[in-house]
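Asker: Pasting the sequence and the predicted model now:
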Protein chains: 2
Amino acid sequence: MRRERYKWAIMDNGQLKLENQFCFRLYSAARLMMGAYHPYLDPLGITYPQYLVLLVLWEQDKQPVCDIGKRLLLDTNTMTPLLQRMEKAGLITRTRGKEDTRQRIVSLTKQGRALYEQAQHIPEDMRKAVMMPESKMEEFLQMIPLLDQLIEALKKLNA
Amino acid sequence: MRRERYKWAIMDNGQLKLENQFCFRLYSAARLMMGAYHPYLDPLGITYPQYLVLLVLWEQDKQPVCDIGKRLLLDTNTMTPLLQRMEKAGLITRTRGKEDTRQRIVSLTKQGRALYEQAQHIPEDMRKAVMMPESKMEEFLQMIPLLDQLIEALKKLNA
DNA sequence: TTTATTTATATCGCTTGCGACATTAAAATA
DNA sequence: TATTTTAATGTCGCAAGCGATATAAATAAA
């Protein structure tokens, strides 16, 4: 009994409590945020990761799998099945690279390109839905450079 | 051509670019952060979500599934299989509730409790590994109240 | 030019996460 | 008490993620 209390005193400073877990907050916020996209992505028939792929392709069509993966920080073991599903859904095509025959060039179909118009309102709608008091916006945006720093540090760490 | 440019001008203000996606940052940071836990969780033979369950049980043993789920913001369709795997791994037991026979009371096994000691160093190790310059710590911690606000807003939104 | 190495993609297996739905028991209401 | 509603758990199916591993093509090195 006394040993238990002693152990607590020297070992546990509360860092193993859920409330003190920075990562849990990140993990929860990310999950809930993806959930908040549902009302806007369901009508388009796409998931959030598929939306991310489309964002990349809308910026620049006809990219090899690895380039898209680099933007999204996802490896091919995630990208390939994801893209296969999008191909089956008629949003993209995957053709062999001409110069580098190993590559798969991902291109938007007419349908995939058409979704761009329907997606226009999403960022604004999400902003309104989530960061309800408009005044809070600036506070939330403060996180962006911090998240970017964190991501850069983690990219190196996981490399 | 001119129509394209016009459309761009009125519809696209760059919000559909990946760099302007707040959620993508959250999503990436959360994934990379979980990846950063691997070196510390693999030796314990647990995954990050399993670690979260243990955090909750280490705070308070013998809880029904729904209470753990409420803490982790996860529904039973996620919790049940997760707990079944943890039971199979010998970390917990799942017994029927006495007062409320619908409930499954989740209890730590000796093995599950023993992991508490081995987990003591994890928070500090993660901090050192990820937020490398100690000076940056305070900046990162600024995100906590903002993430909490965001999570609360999203909980209501997804409810 | 062989040979070794790296790169791009893919497959397999397993854990999560979650929408949809089913089941049973507790609680509330008629 | 009988009935309705709610709550706790579970199953099913599918989309992600990701470690491990395979394959083939491009590149570098010997």
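Answerer: Happy to help now that I have it.
Asker: in what helix or strand does A:Tyr51 lie?
Answerer: Assessed by DSSP states H and E, A:Tyr51 sits inside helix A:48-59.
Asker: Ignore what I typed, I meant A:Gln149.
Answerer: A:Gln149 belongs to helix A:143-158 when elements are defined using DSSP H and E.
Asker: A:Arg94 too?
Answerer: Of the helices and strands defined by DSSP H and E, A:Arg94 is found in strand A:92-96.
Asker: residue ranges for the helices of chain A, please.
Answerer: In order along the chain, chain A carries the following helices (DSSP state H): A:2-11, A:22-41, A:48-59, A:65-72, A:76-88, A:110-119, A:122-130, A:137-141, A:143-158.
Asker: Let me have those helices in a markdown table, adding distance to A:Arg104 and mean pLDDT as columns.
Answerer: C-beta coordinates here come from the backbone N, C-alpha and C atoms, glycine included. What follows is the helices of chain A, written out as a markdown table (distance: least, C-beta to C-beta, whole Å; pLDDT from 0 to 100):
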| stretch | distance to A:Arg104 | mean pLDDT |
| --- | --- | --- |
| helix A:2-11 | 51 | 49 |
| helix A:22-41 | 24 | 98 |
| helix A:48-59 | 13 | 98 |
| helix A:65-72 | 5 | 98 |
| helix A:76-88 | 8 | 98 |
| helix A:110-119 | 15 | 97 |
| helix A:122-130 | 27 | 92 |
| helix A:137-141 | 36 | 85 |
| helix A:143-158 | 24 | 93 |
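Asker: will you turn those helices into CSV that also has distance to chain B and mean neighbour count?
Answerer: Conversion of these to CSV gives the following (distance: least, C-beta to the nearest C-beta, whole Å; neighbours: other C-beta atoms under 10 Å in any protein chain shown):
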stretch, distance to chain B, mean neighbour count
helix A:2-11, 5, 9
helix A:22-41, 4, 20
helix A:48-59, 5, 20
helix A:65-72, 6, 18
helix A:76-88, 10, 15
helix A:110-119, 6, 15
helix A:122-130, 4, 16
helix A:137-141, 6, 13
helix A:143-158, 4, 16
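Asker: distance of A:Gln63 from A:Thr93?
Answerer: Using C-beta to C-beta, to the nearest Å, one obtains 12 Å as the distance from A:Gln63 to A:Thr93.
Asker: circling back: would you mind getting the angle between the helix holding A:Gln149 and helix B:143-158?
Answerer: Orientation note: helix A:143-158 sits at an angle of 100 degrees relative to helix B:143-158 (axes from the mean of the first three to the mean of the last three C-alpha atoms, to 10 degrees).
Asker: Report the angle between helix A:143-158 and helix B:22-41.
Answerer: Using the same axes, to 10 degrees, one finds that helix A:143-158 and helix B:22-41 are set 30 degrees apart in direction.
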